[in-house]
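1. One predicted model, sequence on top.
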Amino acid sequence: MAIQIVKDNEKNEYKVDGSTIYYTRISTAKRGAIIRKHTKRGKVNWVEVTNELVQTVIVGWDGVQDSGKDIAFDKDMALLLPDEILSDILELSGANIQTQEESAEKN
């Protein structure tokens, strides 16, 4: 498959357990801007970075439920999706980040 340019208006699907979550890929420049936005005096607030990345890349869903009932898409509710699903979507979208601490642990 050929390399595809990241476009702001693209919409990809992540399907799991009868639900579909729609996400967009994020450019390196946009991801970097979010990280810089949440950096104060050289320290990155990775929780805020991750929250904004989730709310940026997840753009909709079908079949997501709360207490057994389908719920309308809400960017704040996206933060409550299971961690493993958020991790998958962040990786697929190009928004997956690795803190310096995690990088050092792997080396």
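-> Okay, I see it. Residues are numbered from 1 along each chain as shown.

2. C-alpha only now, for contacts and for neighbours.
-> OK.

3. can you map out the strands along this structure?
-> 12-16, 19-23, 39-40, 43-44, 58-62, 65-66, 69-70 (DSSP state E).

4. I'd say residue 48 and residue 39 touch.
-> No. Counting by CA atoms under 8 Å, residue 48 stays clear of residue 39, with 9.6 Å between them.

5. Switch the strands of the chain over to CSV; also include mean neighbour count, distance to residue 80 and mean pLDDT.
-> Listed next are these as CSV, based on neighbours: other CA atoms under 10 Å; distance: least, CA to CA, whole Å; pLDDT from 0 to 100:
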stretch, mean neighbour count, distance to residue 80, mean pLDDT
strand 12-16, 14, 16, 96
strand 19-23, 19, 13, 97
strand 39-40, 12, 24, 96
strand 43-44, 12, 22, 94
strand 58-62, 19, 12, 97
strand 65-66, 10, 10, 94
strand 69-70, 11, 14, 95
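
6. Any stretches of the chain with poor pLDDT?
-> 8, 98-107 (pLDDT under 70).

7. give me that answer again for 50
-> 99-101, 103-104, 106-107 (pLDDT under 50).

8. Which stretches in it count as helices?
-> 28-37, 46-57, 75-78, 83-93, 100-106 (DSSP state H).

9. re the thing from before, dump the strands of the chain to TSV, plus distance to residue 31.
-> Shown next, in TSV, are the strands of the chain (distance: least, CA to CA, whole Å):
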stretch	distance to residue 31
strand 12-16	18
strand 19-23	15
strand 39-40	13
strand 43-44	13
strand 58-62	14
strand 65-66	29
strand 69-70	31
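
10. So for residue 63, what's the nearest residue that isn't a sequence neighbour?
-> residue 19 (4.5 Å; CA to CA, 6 or more residues apart in numbering).

11. surely residue 71 meets residue 77?
-> No. Taking contacts as CA under 8 Å, residue 71 lies outside contact range of residue 77: 9.4 Å.
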